[in-house]
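Peer 1: Quick one, structure for this:
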Amino acid sequence: MSGTQQPTQKVKVNVKLGDNNYGKAEVQLMKIRRDRPSHELKDVRVRVGMYGDFDAAHTKGDNTDLIATDTVRNTIYGLAKEGFNGSIEEFGKELIKHFVATGPKVTGAFAEFTEHLWDHVQVAGQPHDHSFVRQMPKHTARVDSRDGKTFQVTSGIEELYVLKTTQSGWEGFLLEERFTTLPETNDRVMATFVTTRWEYAVDSCDYDAVWQAVFSQIQETLTDHYSPSLQRTLYLMGEAVLSRCPEISRIWFQMPNKHHLKYNLERFGLENNNEIYHVDPEPYGLMEAWVERAE
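Peer 2: Purely as a prediction, here's the structure:
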């Protein structure tokens, strides 16, 4: 057919495999310790990824000596039965050592955790032996190793919702700008979901004790100052955590400003003495920063 455009012939280019890993994600694990009158439980979502010589699987479709991801899942449950009596960080080290030892082509691995926290139900002021209520904050962790012997550990907190009803403001910001409509205030509700993670200055420690210390310190710091901005509170939280926890080298925060807006009741003939608020879900201010030890 004259005038018909011929299809462009595809040219195969040379490529190579870059950094890669494989494993199992979204493994939902619960372990209940029943060897004592008052039961204990761990409720964890786990992801494991393995590093190694996996070129043949990608470039040739050769699966020789590869650990099946189904096996990875089974291993998580099996090793939880045999161990996992401490922190998720230590359990991550156990998992990585196992896969490096048993996988012919595995040279390293990482393990990521999201732990849902449970407290005993209180009955007449006493914790019940086998009834629990799940808490909102989560304990997160990532353990990474390229050789199965040395480990980089990061721990964190997700969904810690904190709020102060006064002792917070927002003043002194740029007002002489044509799109600025927000008035200054020295008395507002400050609320935020704290997401944080931290790196360690030591090879090993009591990870659960450090996590609890960070969890407590963030809440204590919220209470101990007038906050001229969410940024200032973020910084003070980081400073306080590093002062309290020598095991930590630096800490990262993500803190959205969950706006609580005073609702206009005057149009109904009612006075609003900072009592009734509309909680605005979006858009919201978002602050992120690392707080680090100075040299």
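Peer 1: Okay, buried residues for stretch 86-97 please.
Peer 2: Residues S87, I88, E89, E90, F91, G92, K93, E94, L95, I96, K97 are the ones in stretch 86-97 that count as buried (16 or more other CB atoms under 10 Å). Backbone N, C-alpha and C define where each C-beta goes, glycine included.
Peer 1: Repeat that for stretch 211-223.
Peer 2: Within stretch 211-223, the residues that count as buried by 16+ other CB under 10 Å are W211, A213, V214, F215, Q217, I218, T221, L222.
Peer 1: circling back: now, which of the buried residues of stretch 86-97 sits nearest L270?
Peer 2: Proximity of the buried residues of stretch 86-97 to L270 was ranked by CB to CB; the top entry is I88 with 50.2 Å.
Peer 1: Let's verify the residue lying closest to the closest one once chain neighbours are set aside: helix, strand, or coil?
Peer 2: If the residues on either side of it in the chain are set aside, I88 comes closest to F113, at 4.2 Å by CB to CB, 6 or more residues apart in numbering. Following DSSP: H, G, I helix; E, B strand; the rest coil, the label given to F113 is strand.
Peer 1: Next up, the contacts around F113.
Peer 2: V44, R45, V46, R47, I88, F91, G92, H139, T140, A141, R142 (CB atoms under 8 Å, 6 or more residues apart in numbering).
Peer 1: ok, now L286?
Peer 2: The neighbourhood of L286, defined by CB under 8 Å, 6+ apart, consists of Q254, M255, P256, N257.
Peer 1: what's the answer for I251, then?
Peer 2: T196, R197, W198, E199, V214, G238, V241, L242, W290, V291.
Peer 1: where along the stretch 1-150 of the chain do the helices fall?
Peer 2: Under the criterion DSSP state H, counting those that start in this stretch, helices of the stretch 1-150 of the chain are mapped to 55-59, 69-82, 88-102.
Peer 1: Now tell me what touches the second one from outside.
Peer 2: It stands for helix 69-82. Residues from elsewhere that reach helix 69-82, judged by CB under 8 Å, 6+ apart: 22-24, 27, 29, 31, 42, 46, 48, 50, 91, 94-95, 98-99.
Peer 1: Of those residues, which is the nearest to R134?
Peer 2: Nearest to R134, judged by CB to CB, of the contacts of helix 69-82 is K42 at 12.4 Å.
Peer 1: How about the closest one, nearest residue that isn't a chain neighbour?
Peer 2: Leaving out its chain neighbours, the residue that sits closest to K42 by CB to CB, 6+ apart is K31, at 4.6 Å.
Peer 1: The one you found and L41 touch, don't they?
Peer 2: Yes: with contact defined as CB atoms under 8 Å, K31 reaches L41; the gap is 6.7 Å.
Peer 1: thinking again about what came up before, need the winner for burial among the helices of the stretch 1-150 of the chain.
Peer 2: helix 88-102 (a mean of 20; mean count of other CB atoms under 10 Å).
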